[in-house]
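Colleague: Would you be able to build a 3D model of this:
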Amino acid sequence: MDAFGHIFRLPDLRKRFFFTLAMIAVYRLGSHVPIAGVDLNALKELFSQGGILSFVDLFSGGALGRFSIFALGILPYINASIIMQMLTFIWPKLKDLTQEGDAGRKQIAQYTRYLAIGLAIIQGIVMSVGFRAFILPDVNVSFFIFYAVIGLVSGAALVMFIGEIMTEYGIGNGASLLIFVGIISQIPYYIKNTVTLLSGGTSPLMVVIMVAILIFMIISIVFVQDGQRKVQVQYAKRVVGRKMMGGQSTFIPLRLIQGGVLPIIFASALLQFPMVLGNFTGIPAVQNFFSVYYRYDGVIYNGFFCILIFFFTYFYTAISFNPKELAENIKKYGGFILGVRPGRPTEEYLERIVTKLTFVGASFLAFVALLPVIGASMTKVTSFSGLGGTAILIIVGVALDFVKQIETYLLSRRYEGLID
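Modeller: I've put the predicted structure just below:
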């Protein structure tokens, strides 16, 4: 709460905060602007049935259920980011760009935008063709698909732009904040559905148990997200001129989950892509497969979900943590880890620690993703089906990151004051 109090006391931070709120308002406004020609009542009835479409709709903040200009949301940009990060490992030219500093990162960001637009066009076409069954009788189908694709792609480009300027001029990561806002905007509907279940004869005890499971998840996520393994490093004394330098002891903080909420966001985004394609193809056999076997609470979906969580957790750790470079820097400045020789042994020691931490972190993420599904199956309380482990982890992770961004800004202000 102290961090939030500083928002209104510091002019620069207050400006960033209100800019973030303004962009969120634009995003929420756009999610309520439907593309003309669709029977919204029929769509509302379809999405009220729950299932995988409701889960996909969660990440757009209800925009998909209203077939608004922001129906694609930020997911094309996230999928493009996943693909580009993978390509940097297998494509030498992109790998060289990552080592060219700020200019290289800007070039990769531009490629990511182009790829996001390409994915948005594909998803827009599939979605428009899929929604042709819900258009009004007096609307021409071909013309509807034409302008619907233009509207969806334009909306996805605008959401991508909003996310980027929020990151640059606001507080926190813009893409994560947009997903966060989309999720919490659906909470009133979950409360309403829970009240409906209670009035329909559902045991209040079962609802209390389900709420207790969600609260337990929030507490455990906060605990694990801030979990660190501190590796102690000792720096030897050395003589510089007439002064004795060094001799201090410090530590390297290794986070339990290096990627934070990104692995579970990436896994969810990747799993939703075939869902959207499958549900809007119009082919009965494909639609039957996704409705029966590839369900949000099904074994196949959650099995793939766990595999992707492990993959992206290890993948993000590999691209964000370089034990070889860290070991070389420790050796360069005369440091060593107690009981470990400098150089290659230090690198192997750090690799072992990070591998164990990553396995524990990935296991926790998979557990969090599956717990609400298991809880809903045991209690028969399905009103929180959209607010699963993915959504709660994103909510808590983004909220913690938001507070840390404020604290980092406050810390930099203190250092600037010392310099001035």
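
Colleague: And the helices in the stretch 51-200 of the chain, which stretches?
Modeller: Under the criterion DSSP state H, counting those that start in this stretch, the stretch 51-200 of the chain carries helices at the ranges 52-58, 75-90, 92-98, 102-130, 141-169, 174-184, 187-199.

Colleague: quick one: which of the ones you listed is nearest Glu328?
Modeller: helix 92-98 (18.5 Å; C-beta to C-beta). To be clear about C-beta, it is placed using only N, CA and C from the backbone, and glycine gets the same treatment.

Colleague: With distance to Arg9, mean neighbour count and mean pLDDT added, can I get the helices of the stretch 51-200 of the chain in CSV?
Modeller: Formatted as CSV, the helices of the stretch 51-200 of the chain follow (distance: least, C-beta to C-beta, whole Å; neighbours: other C-beta atoms under 10 Å; pLDDT from 0 to 100):
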stretch, distance to Arg9, mean neighbour count, mean pLDDT
helix 52-58, 35, 22, 66
helix 75-90, 34, 19, 82
helix 92-98, 39, 13, 78
helix 102-130, 32, 17, 87
helix 141-169, 20, 18, 90
helix 174-184, 22, 23, 85
helix 187-199, 30, 14, 81
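
Colleague: Could you work out which of those helices reaches nearest to Val26?
Modeller: Judged by C-beta to C-beta, the one of the helices of the stretch 51-200 of the chain that comes nearest to Val26 is helix 141-169, at 6.4 Å.

Colleague: how deep is the closest residue to Gly37 other than its chain neighbours tucked in, by neighbour count?
Modeller: With sequence-adjacent residues excluded and distances taken as C-beta to C-beta, 6 or more residues apart in numbering, Gly37 is closest to Val139, at 4.1 Å. Look at Val139: counted by other C-beta atoms under 10 Å, it has 13 neighbours.

Colleague: sorry, back to before: want to throw the helices of the stretch 51-200 of the chain into TSV with distance to Ser68?
Modeller: Listed next are those as TSV, based on distance: least, C-beta to C-beta, whole Å:
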stretch	distance to Ser68
helix 52-58	11
helix 75-90	14
helix 92-98	34
helix 102-130	12
helix 141-169	7
helix 174-184	12
helix 187-199	16
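
Colleague: Can you say which of the ones you listed is nearest to Gly339?
Modeller: The nearest among those, by C-beta to C-beta, is helix 75-90 at 33.1 Å.

Colleague: Which strands and helices lie in contact with that closest one?
Modeller: helix 92-98, helix 102-130, helix 141-169, helix 262-279, helix 299-320 (3 or more C-beta pairs under 8 Å, 6 or more residues apart in numbering; DSSP states H and E).

Colleague: Same list, those helices, but as JSON lines with distance to Ala376 please.
Modeller: JSON lines is the format used below for the helices and strands packed on helix 75-90 (distance: least, C-beta to C-beta, whole Å):
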{"stretch": "helix 92-98", "distance to Ala376": "42"}
{"stretch": "helix 102-130", "distance to Ala376": "27"}
{"stretch": "helix 141-169", "distance to Ala376": "30"}
{"stretch": "helix 262-279", "distance to Ala376": "17"}
{"stretch": "helix 299-320", "distance to Ala376": "12"}
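
Colleague: Of the helices of the stretch 51-200 of the chain, which is nearest Val398?
Modeller: helix 174-184 (4.1 Å).

Colleague: can you list the residues that contact the closest one?
Modeller: Contact with helix 174-184 is made by 20, 23-24, 27-28, 31, 58-63, 73-74, 77-78, 159, 162-168, 170, 261, 265, 387, 391, 394-395, 397-399, 401-402, as judged by C-beta atoms under 8 Å, 6 or more residues apart in numbering.

Colleague: between it and helix 141-169, how many degrees?
Modeller: 120 degrees (axes from the mean of the first three to the mean of the last three C-alpha atoms, to 10 degrees).

Colleague: Alpha carbons of helix 174-184, in CSV - could you do that?
Modeller: What follows is helix 174-184 as a C-alpha-only set of coordinates in CSV (Å, rounded to 0.1, in the frame of the first residue of the first chain):
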residue,chain,number,x,y,z
GLY,A,174,1.5,-3.5,-21.3
ALA,A,175,0.6,-6.9,-22.8
SER,A,176,0.3,-8.6,-19.4
LEU,A,177,-1.8,-5.7,-18.0
LEU,A,178,-4.2,-6.0,-20.9
ILE,A,179,-4.7,-9.7,-20.2
PHE,A,180,-5.0,-8.9,-16.5
VAL,A,181,-7.7,-6.4,-17.1
GLY,A,182,-9.6,-8.8,-19.4
ILE,A,183,-9.6,-11.5,-16.7
ILE,A,184,-10.7,-9.3,-13.8
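
Colleague: circling back: please name whichever of the helices of the stretch 51-200 of the chain is nearest to Val368.
Modeller: Closest to Val368 of those is helix 174-184 (C-beta to C-beta; 14.6 Å).

Colleague: Tell me what angle the closest one forms with helix 75-90.
Modeller: Using the same axes, to 10 degrees, helix 174-184 lies at 140 degrees relative to helix 75-90.

Colleague: now helix 174-184: how far from the chain's centre is it?
Modeller: 8 Å (C-alpha atoms, centre = their mean, to the nearest Å).

Colleague: likewise stretch 121-134?
Modeller: The answer for stretch 121-134 is 25 Å, by C-alpha atoms, centre = their mean.

Colleague: Stretch 142-151 too?
Modeller: The mean C-alpha position of stretch 142-151 is separated from the chain mean by 29 Å, C-alpha atoms, centre = their mean.

Colleague: can you list the residues that contact that stretch?
Modeller: For stretch 142-151, using C-beta under 8 Å, 6+ apart, the contacting residues are 35-37, 69, 121, 124-125, 127-129, 131-132, 135.

Colleague: mind listing the helices for the stretch 301-420 of the chain?
Modeller: 323-332, 344-379, 389-419.

Colleague: which strands and helices sit next to the shortest one?
Modeller: The one in question is helix 323-332. So helix 323-332, by 3+ C-beta pairs under 8 Å, 6+ apart, packs with helix 344-379.

Colleague: What is the helix it packs on packed up against?
Modeller: helix 204-225, strand 228-235, strand 249-255, helix 262-279, helix 299-320, helix 323-332, strand 335-337, helix 389-419.

Colleague: Mean pLDDT, mean neighbour count and distance to Ile7 for the ones you listed - can I get that in TSV?
Modeller: Output for the helices and strands packed on helix 344-379, formatted as TSV (pLDDT from 0 to 100; neighbours: other C-beta atoms under 10 Å; distance: least, C-beta to C-beta, whole Å):
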stretch	mean pLDDT	mean neighbour count	distance to Ile7
helix 204-225	85	15	21
strand 228-235	82	15	26
strand 249-255	81	14	26
helix 262-279	71	21	25
helix 299-320	82	18	28
helix 323-332	83	16	35
strand 335-337	80	19	38
helix 389-419	73	17	7
